[in-house]
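Colleague: what would the 3D arrangement of this be:
(2 chains)
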Amino acid sequence: MCTVCGCGEVESGADSDKEHEHFHHHSEQHAEVPHSHQPHHHRGHTHDYGQGPARAHAPGLSQSRMVQIEQDILSKNDRYAAANRIYLADHGILALNLVSSPGSGKTSLLTRTLEELGGELPCAVIEGDQQTSNDAERIRATGAKAVQINTGKGCHLDGHMVGHALQSLAPEDASVLFIENVGNLVCPAAFDLGEAHKVVILSVTEGEDKPIKYPDMFHAADLMILNKVDLLPYLSFDTEQCIDYARRVNPSIKVLQLSAVSGEGLESWYQWIRLTRRLALLGHPLLGAKYA
Amino acid sequence: MHEISLCEGILLVLEEQAASQGFQRVTKVWLEIGDLAGVELEALRFGFEVVTRNSLADGAVLEILGVQGEAWCMQCSARVVVKQRFDRCPRCGGFQLQVVGGEQMRIKELEVE
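Modeller: Below is the predicted model of the structure:
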C-alpha cells in the first residue's frame, strides 16, 4: 500500500527490488477519483522525498526535526537475549533452542532424550506453545524440571519471555536447558533467546524441500535433525536431496538422522549434546574444573 | 513472518527515543529492510498502521529503504548479489555462499515534532 495516499499499489513479493516512487498527485477529489500511478505533476506540487538535506522537503514539515537513530528493530529483544546469554554462561548452562514445524516430533524426541540422558546430565525444559500445558506435563512426567510458556496469539518465544521463565525455572548449574519453541518454521528464526544453538527438527514425512521453503530457519540453525527415519521405507523422501537443500542455505549446518520412536541414531544426538556441553564448560572459571 | 511483533518492536524504540530525545510525535519513520531479512513489506506496512494507532506515531508515514542481499562466494572470493538464501552464486553457480549483507532490519531515521 502506498503510505502517502493509501492506494493499494502492489509491491510485495520477493521480486520487488524496485523502490516505490512517490509521484502521486494529491488533488481535492483524491478519494473519489481513481488515479493512475504514472509519474506526473499536479499544480507543480510533486512529492519527491530523498533529495533535500534531511531527505524530506515536502511542504509543512518545517517545524519538525530529524532524529537519526540507527537502531535494530529487534534491539529490545536482543538486549533481553544478551542478558539471558550472560546468565546462562555464568551458570554454565547449555541452552538449545528447538525449532520445527508442528508435528515433527519435537516433544517426543525431547521426552525420550530426557528419559535416556536425564540420569547422566541435569536437564531442564522451557516449553513454548500457544495454548495448554500438555507438553510441560509430558516433560515433567520424565522427572525433568519444566516450565510452560503460553504465547497466546504469539507465534514465537522471545527473549523477554525466556528471561522470566529462567527466573522461575532456575536450572541447575552446568545443566542442559532445552527450549522447545512454538511449532513454526518462520518466526522463531529471527528471535534470539540467548541460546547457544538453534536445533531445527525436520521429519521425513514433511518433504525434502522444507529447507529451501523456509530458508531463514535452516540458515539460523547449527544442527538439523532428520526425525522419523524409521518411516523412510514407506515414503519417497529423498534424504540426500534434503541435506543438499539444507547446505545450500547453510553450508555449515550439521545433520543427524534419527528416530525418536525406534531409537535409531539417538546415540549420536546424545553425543552431540554431551560434547557441546563439555566444550562450553571447558575453561569455565567456576565450573570448568568440576565438569569439563 | 511476525510483522506485527516487528512493529511492536519499532513502537518500543520510538517510545524510548521520545523519552530520551524529548519529542511528542513521530510523523515519519525510515526503515532499512534487507532483502534477506524475511520481512513481508505489505504486512509490515499494515502492521505498522495497526500497532501505531493511538500512539505517538499515529498516522506516521513509513518509508522503507530496501537493501539488496549480498553474499561472499568462497569459490570466487568475491562479493555477489543474491535475492534469496538458496540462490546460486551468479558467477560460478555454486552454493558456497556466506551471506554478508541484506539481513538488516533497522530504524534509520525519524521525523519528529
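Colleague: and the strands in chain B, which stretches?
Modeller: Listed in chain order, the strands of chain B (DSSP state E) span B:26-34, B:61-67, B:69-73, B:78-82, B:97-101, B:105-112.
Colleague: for these, could you give me a markdown table that also reports distance to residue A:235?
Modeller: Any C-beta I mention is one placed from the backbone N, CA and C, and that applies to glycine too. Compiled in a markdown table, these are given as follows (distance: least, CB to CB, whole Å):
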| stretch | distance to residue A:235 |
| --- | --- |
| strand B:26-34 | 36 |
| strand B:61-67 | 40 |
| strand B:69-73 | 33 |
| strand B:78-82 | 32 |
| strand B:97-101 | 30 |
| strand B:105-112 | 37 |
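Colleague: least reliable of those going by mean pLDDT?
Modeller: Sorting the strands of chain B by mean pLDDT places strand B:97-101 lowest, at a mean of 90.
Colleague: dump it to CSV, keeping only the CA atoms.
Modeller: What follows is strand B:97-101, C-alpha atoms only, in CSV (Å, rounded to 0.1, in the frame of the first residue of the first chain):
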residue,chain,number,x,y,z
LEU,B,97,27.9,-18.6,-0.1
GLN,B,98,28.1,-16.8,3.2
VAL,B,99,25.5,-14.1,3.5
VAL,B,100,27.2,-10.8,4.4
GLY,B,101,24.6,-8.2,3.8
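Colleague: what angle separates it from strand B:69-73?
Modeller: Angle of strand B:97-101 versus strand B:69-73, following axes from the mean of the first three to the mean of the last three CA atoms, to 10 degrees, is 140 degrees.
Colleague: residue 101: neighbour count?
Modeller: All of this is about chain A. Per other CB atoms under 10 Å in any protein chain shown, the neighbour tally for residue A:101 reads 18.
Colleague: my question was about chain B, not that one.
Modeller: So residue B:101, with other CB under 10 Å, has 17 neighbours.
Colleague: do residue A:170 as well
Modeller: Number of residues near residue A:170 (other CB under 10 Å) recorded here: 10.
Colleague: let me see the backbone angles for it.
Modeller: phi 40, psi 70 (degrees, to the nearest 10).
Colleague: can you check residue A:203 too?
Modeller: phi -100, psi 150.
Colleague: kindly state the beta-bridge partners for it.
Modeller: Following DSSP bridges, residue A:203 is listed with bridge partners residue A:227.
Colleague: before we move on, back to that, tabulate the strands of chain B (TSV), appending distance to chain A.
Modeller: Output for these, formatted as TSV (distance: least, CB to the nearest CB, whole Å):
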stretch	distance to chain A
strand B:26-34	6
strand B:61-67	5
strand B:69-73	10
strand B:78-82	10
strand B:97-101	7
strand B:105-112	4
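Colleague: among these, which is nearest residue A:170?
Modeller: Comparing those by their distance to residue A:170 (CB to CB), the top pick is strand B:105-112, with 32.9 Å.
Colleague: quick one, the closest one and strand B:26-34 angle?
Modeller: Calculated by the same axes, to 10 degrees, strand B:105-112 forms an angle of 160 degrees with strand B:26-34.
Colleague: coming back round to it: for the strands of chain B, which one sits closest to residue A:280?
Modeller: So among the strands of chain B, strand B:97-101 is nearest, using CB to CB, at 24.1 Å.
Colleague: partners of the closest one, with directions?
Modeller: In the sheet, strand B:97-101 lines up against strand B:69-73 (antiparallel) (DSSP bridges).
Colleague: the partner strand: how far from the chain's middle?
Modeller: Computed by CA atoms, centre = their mean, to the nearest Å, the chain-centroid distance of strand B:69-73 equals 18 Å.
Colleague: returning to that earlier point: for the strands of chain B, which one sits closest to residue A:73?
Modeller: With CB to CB as the criterion, residue A:73 lies closest to strand B:105-112 of these, at 4.4 Å.
Colleague: against which helices or strands is the closest one packed?
Modeller: Other elements packing on strand B:105-112 under the criterion 3 or more CB pairs under 8 Å, 6 or more residues apart in numbering or on different chains; DSSP states H and E are strand A:65-72, helix B:3-21, strand B:26-34.
Colleague: try it again with 6 Å
Modeller: Strand B:105-112 sits against strand A:65-72, strand B:26-34, with contacts defined as 3 or more CB pairs under 6 Å, 6 or more residues apart in numbering or on different chains; DSSP states H and E.
Colleague: okay, these in JSON lines with mean neighbour count and distance to residue A:135 next?
Modeller: Putting the helices and strands packed on strand B:105-112 into JSON lines (neighbours: other CB atoms under 10 Å in any protein chain shown; distance: least, CB to CB, whole Å) gives the following:
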{"stretch": "strand A:65-72", "mean neighbour count": "14", "distance to residue A:135": "31"}
{"stretch": "strand B:26-34", "mean neighbour count": "22", "distance to residue A:135": "34"}
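Colleague: quickly list the domain ranges of chain A.
Modeller: Per the record, chain A has its domains at A:1-65, A:75-291, by automatic domain parsing.
Colleague: most packed of these?
Modeller: Highest mean neighbour count among those (mean count of other CB atoms under 10 Å in any protein chain shown): domain A:75-291, with a mean of 19.
Colleague: first-to-last residue distance for it?
Modeller: Domain A:75-291 stretches 34 Å from its first residue to its last (CA to CA, to the nearest Å).
Colleague: just how off-centre is it within its chain?
Modeller: 11 Å.
Colleague: need the residues of chain A near chain B, please.
Modeller: By CB under 6 Å from any CB of the partner chain, the residues of chain A that approach chain B are A:1, A:3, A:12, A:64, A:66-74, A:76, A:155, A:186-187, A:212, A:215-216, A:219, A:248-249, A:251.
Colleague: quick one: the strands in the stretch 101-250 of chain A?
Modeller: Under the criterion DSSP state E, counting those that start in this stretch, the stretch 101-250 of chain A contains strands at A:123-129, A:145-150, A:176-180, A:197-203, A:223-227.
Colleague: what is the third one packed up against?
Modeller: For strand A:176-180, the contact count by 3+ CB pairs under 6 Å, 6+ apart identifies strand A:94-100, strand A:123-129 as packing neighbours.
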